[in-house]
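S.K.: when you get a sec, could you give me coordinates for this:
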Amino acid sequence: MKGGTPQALDLGFATRCNNDHGLSPDGTRLAISDQSADGKSLIYTLPAGGGTPVRVTGSGPSYWHGWSPDGATLAYCAERNGQFDIYTIPAAGGTEKRLTTAPGLDDGPDYSPDGRYIYFNSERTGRMQIWRMKPDGADQQQMTSDESNNWFPHPSPDGKWVVFLSYANDVKGHPENKDVMLRLMPAEGGEIRVLAKLFGGQGTINVPSWSPNSAMVAFVSYRLAAP
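M.R.: Predicted structure coming up:
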C-alpha cells in the first residue's frame, strides 16, 4: 500500500486534539478528543471530511476509543472524581454510563465487530492486562495474564483476532520512547504471538487501526532525533 501527501482536516475551533480519534463504522463521522474548550479533553463528533465539532461529553477529561458497530454509541476512558474508568455515551449526546468500578486504571475500550463485547485494558490485578465485558459492563473477563503490561486491545473486523500493545513488566503507564511489541491473540483468548518489535509506545496504536479486510494493522513507530 502506497502512502500519499497528508491533508489537514478543518476541525473548526478544535486545535488541541490528542491522538484519541477515529472514524465511525460507516466512514461518515469522525470522533475526536480535544482540549481547546477548557484545557480538559472532551469528545466531539463531526463529518469525516471536516466541519464544526459537536460536543458529546459533558465532563472531562474524556478520551475517545471506540464506536459501537451500529455507530450509535461511543466508548471512552474518563476521569471522574480521581478515578479513571470506562464509559459509554450515545454518539448523538446524552447521559454517560459508567461500565467499570474496579480500583486502578481501566482504559482503551474497543467494541468487537459483532457488538457482543467491549475489550479493554485494566490494572486491577496489579499489572496491566487485557479484559473484555459485555456492552453494559457485565461479565468482565480477563483475557491475558502474563509478565508484560498490555494495552489498547483492538478486535479485527472479521472478529477472529485482537491486536494489542505490550510494554516490559517494569514500565508504568503508556509512555513514549520505549521498546514495545505489537502482539496478536485469538479473540476468544489463547496463544499470543508477536507481530512486531519496535520503538514507540504512546501513540503507537491507541485507537482502532485495522484495515477493513483484517489483513493489515496500521501503527506508529518513531526514532529520537540526534542532539
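
S.K.: for the spatially closest residue to residue 189 that is not a sequence neighbour, which residues are in contact?
M.R.: Leaving out its chain neighbours, the residue that sits closest to residue 189 by Cβ to Cβ, 6 or more residues apart in numbering is residue 143, at 5.0 Å. C-beta here means a position set from N, CA and C on the backbone, and glycine is covered the same way. Going by Cβ atoms under 8 Å, 6 or more residues apart in numbering, residue 143 touches 119, 129-132, 153, 162, 185, 189.

S.K.: out of those residues, name the ones that lie in strands.
M.R.: With DSSP state E as the criterion, strands contain 119, 129-132, 153, 162, 185 from among the contacts of residue 143.

S.K.: tell me which of those residues is nearest to residue 28?
M.R.: Using Cβ to Cβ, residue 119 is the member of the ones in strands among the contacts of residue 143 that sits closest to residue 28, with 24.1 Å.

S.K.: the closest one contacts residue 153, doesn't it?
M.R.: Yes: using Cβ atoms under 8 Å, residue 119 is in contact with residue 153, at 4.1 Å.

S.K.: shared neighbours, those two?
M.R.: With Cβ under 8 Å, 6+ apart as the test, residue 119 and residue 153 both reach 108, 110, 130, 132, 143, 162.

S.K.: pretty sure the fourth one contacts residue 141?
M.R.: Yes: under the criterion of Cβ under 8 Å, residue 132 lies in contact with residue 141, with a separation of 5.5 Å.

S.K.: so between these two, which is more surrounded?
M.R.: Ranked by neighbour count (other Cβ atoms under 10 Å), residue 132 and residue 141 place residue 132 first, with 23 against 12.

S.K.: need the contact list for the more buried one.
M.R.: Residue 132 neighbours (Cβ under 8 Å, 6+ apart): 112, 117-120, 140-141, 143, 153.

S.K.: residue 89 too?
M.R.: Counting by Cβ under 8 Å, 6+ apart, residue 89 has contacts 43, 56-57, 73-74, 76, 95-97.

S.K.: which of the residues you listed sits closest to residue 67?
M.R.: Nearest to residue 67, judged by Cβ to Cβ, of those is residue 74 at 6.3 Å.

S.K.: for that closest one, the count of nearby residues, please.
M.R.: Number of residues near residue 74 (other Cβ under 10 Å) recorded here: 28.

S.K.: likewise for residue 135?
M.R.: 18.

S.K.: how close does it get to residue 114?
M.R.: For residue 135, the distance to residue 114 (Cβ to Cβ, to the nearest Å) stands at 11 Å.

S.K.: walk me through the domains of this structure.
M.R.: 9-90, 99-227 (automatic domain parsing).

S.K.: how about the ones you listed, which one is nearest residue 3?
M.R.: Closest to residue 3 of those is domain 99-227 (Cβ to Cβ; 10.9 Å).

S.K.: quick one: end-to-end length of that closest one, please.
M.R.: Length of domain 99-227, first residue to last, Cα to Cα, to the nearest Å: 45 Å.
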